[in-house]
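*Asks:* what follows is a predicted structure for the sequence shown.
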Amino acid sequence: MATADQIKSLIRSYSEEDRERFYSIALQVAAHEAKQGHATLAHEIRALVDNHKKRAQQGLKVVPFPQELKGLVVSDMPDIPLQSLVAPQATLERFRRTIKEFYQRGKLHKYGLSNRRRILLAGPPGTGKTMSARVLAHELKLPLYTVQVDRLVTKFMGETSAKLRQIFDIMEQKQGIYFFDEFDAIGGDRSMDNDVGEMRRVLNALLQFIEQDQSDSIIVAATNNPKLLDQALFRRFDDVLYYSLPDEEERKHLIEIIMGTFLASKFAWNKVLSSSADLSQAEIGSACRDAIKDAVLHDKSKVTASELISTLDQRKQVYTQL
């Protein structure tokens, strides 16, 4: 049967409405039962998890985009709660404010005010910008529409602006979170020497579309380098959130979330936190999952600090080869 730690973690994650962790722990229980020779029970647990995920997504269907935008916009229904987002408290509070304003937007409208609808996320790769968009979609119970900005920009004059107009027109029809990653590809500074006339027209069109947008959708844009963005864009956003590499407390919280019941009871936190310094949230998450995979493949239920440090060091070695 499930261990005491797993049972407590299941109850805790359920009470905190942390679905992702609840599913993860339930699947850990299934794996434990399978190793004990209880294959039927393991299969039933996995089936229950799969069915619950499907029911959770049935409440809101993701409507496909028109054929002419196929490949430019990816539709998804994320299932990641705010508790899974590791970021400074100030950033989390601003996310909560955006969520609160969305659900009470009717109250704001009575006073001639509008809820935050345009959010700019800026920071190094792997620090949680994309995950933030997914979390926001889940918390607002809206579909996530990710605009593939690299595919949006074409060599044909006028085509990029035309496709942008289509996307903004659809925002009126299909409420959702519209996520523009690598936003600087279309929002670059017009004063830069290497700028070309066509991209200036694209930016001018983008500024106009954002200004005129009156939909109920949320626009989330992300950039790894905010210095590349045209200054006029910043005034179009209701909030700008800056991301950075996680501090020691955030790294510990992230590791605890991902490792779950795989975390050994006696864990050398000082050494692990030292080894995880200078790594992004995404890199630490990958190292944790690598350590869990190794444990599963070696029929182990716990991951020691030294084993996690090994996978963290593997992530760091990538940069030494550059």
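*Replies:* Thanks, I have the structure now.

*Asks:* doesn't residue 121 fall inside a strand?
*Replies:* Yes: per DSSP: H, G, I helix; E, B strand; the rest coil, residue 121 lies within a strand segment.

*Asks:* quickly list what it is bridged to.
*Replies:* residue 222, residue 241 (DSSP bridges).

*Asks:* pLDDT of the helix or strand hosting residue 306, averaged?
*Replies:* Using DSSP states H and E, residue 306 maps to helix 305-320. In this model, helix 305-320 has a mean pLDDT of 86.

*Asks:* show residues contacting that helix.
*Replies:* The set of residues external to helix 305-320 that reach it, using CB atoms under 8 Å, 6 or more residues apart in numbering, is 255, 259, 264, 267-269, 271-272, 275-276, 278-279, 283-284, 286-288, 290-291, 294-295. Heads up, the C-betas are built off the backbone N, CA and C, glycines and all.

*Asks:* dump the residue contacts of the residue positioned nearest the centre of the chain.
*Replies:* The residue lying closest to the centre of the chain (CA atoms, centre = their mean) is residue 131, at 0.9 Å. Applying CB under 8 Å, 6+ apart to residue 131 gives the contacts 80, 84-85, 281.

*Asks:* out of those residues, flag the one nearest to residue 150.
*Replies:* Nearest to residue 150 among the contacts of residue 131: residue 281, at 22.7 Å, using CB to CB.

*Asks:* ok so, going back, reformat the contacts of residue 131 as JSON lines; add secondary structure and pLDDT.
*Replies:* As requested, the contacts of residue 131 are exported to JSON lines (DSSP: H, G, I helix; E, B strand; the rest coil; pLDDT from 0 to 100):
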{"residue": "80", "secondary structure": "coil", "pLDDT": "87"}
{"residue": "84", "secondary structure": "helix", "pLDDT": "86"}
{"residue": "85", "secondary structure": "coil", "pLDDT": "88"}
{"residue": "281", "secondary structure": "helix", "pLDDT": "93"}
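
*Asks:* buried subset of the residues you listed as a ChimeraX selection?
*Replies:* Entered in ChimeraX, the line below selects the buried ones among the contacts of residue 131, by 16 or more other CB atoms under 10 Å:
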select :80,84,85,281
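
*Asks:* quick one: which two of the contacts of residue 131 are the most distant?
*Replies:* Of all pairs in the contacts of residue 131, the most separated under CB to CB is 80 and 281 at 12.9 Å.

*Asks:* distance from the chain centre to the helix or strand hosting residue 29, please.
*Replies:* For residue 29, the host element (DSSP H and E) is helix 19-35. Distance of helix 19-35 from the chain centroid (CA atoms, centre = their mean, to the nearest Å) equals 22 Å.

*Asks:* now do that helix, average pLDDT.
*Replies:* pLDDT averaged over helix 19-35 gives 72.

*Asks:* who does it touch, helix- and strand-wise?
*Replies:* helix 4-15, helix 39-57 (3 or more CB pairs under 8 Å, 6 or more residues apart in numbering; DSSP states H and E).

*Asks:* may I have that helix as PDB, with CA atoms only?
*Replies:* Provided in PDB are the C-alpha atoms of helix 19-35 (Å, rounded to 0.1, in the frame of the first residue of the first chain):
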ATOM      1  CA  ARG A  19      -3.700  19.200  -9.100                       C
ATOM      2  CA  GLU A  20      -0.300  18.700 -10.800                       C
ATOM      3  CA  ARG A  21       1.300  17.500  -7.500                       C
ATOM      4  CA  PHE A  22      -1.800  15.400  -6.700                       C
ATOM      5  CA  TYR A  23      -1.500  13.600 -10.000                       C
ATOM      6  CA  SER A  24       2.300  13.200  -9.600                       C
ATOM      7  CA  ILE A  25       1.900  11.600  -6.200                       C
ATOM      8  CA  ALA A  26      -0.900   9.400  -7.300                       C
ATOM      9  CA  LEU A  27       1.300   8.100 -10.100                       C
ATOM     10  CA  GLN A  28       4.100   7.500  -7.600                       C
ATOM     11  CA  VAL A  29       1.700   5.400  -5.600                       C
ATOM     12  CA  ALA A  30       0.800   3.500  -8.800                       C
ATOM     13  CA  ALA A  31       4.500   2.800  -9.500                       C
ATOM     14  CA  HIS A  32       5.000   1.700  -5.900                       C
ATOM     15  CA  GLU A  33       2.100  -0.800  -6.200                       C
ATOM     16  CA  ALA A  34       3.400  -2.100  -9.500                       C
ATOM     17  CA  LYS A  35       6.800  -2.900  -7.900                       C
END
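
*Asks:* and residue 308, how close does it get to residue 275?
*Replies:* 8 Å (CB to CB, to the nearest Å).

*Asks:* neighbour-wise, which of these two wins?
*Replies:* residue 308 (29 against 23; other CB atoms under 10 Å).

*Asks:* pull out the buried positions in stretch 248-268.
*Replies:* Quick answer for stretch 248-268 (16+ other CB under 10 Å): 250-252, 254-255, 257-264, 267.
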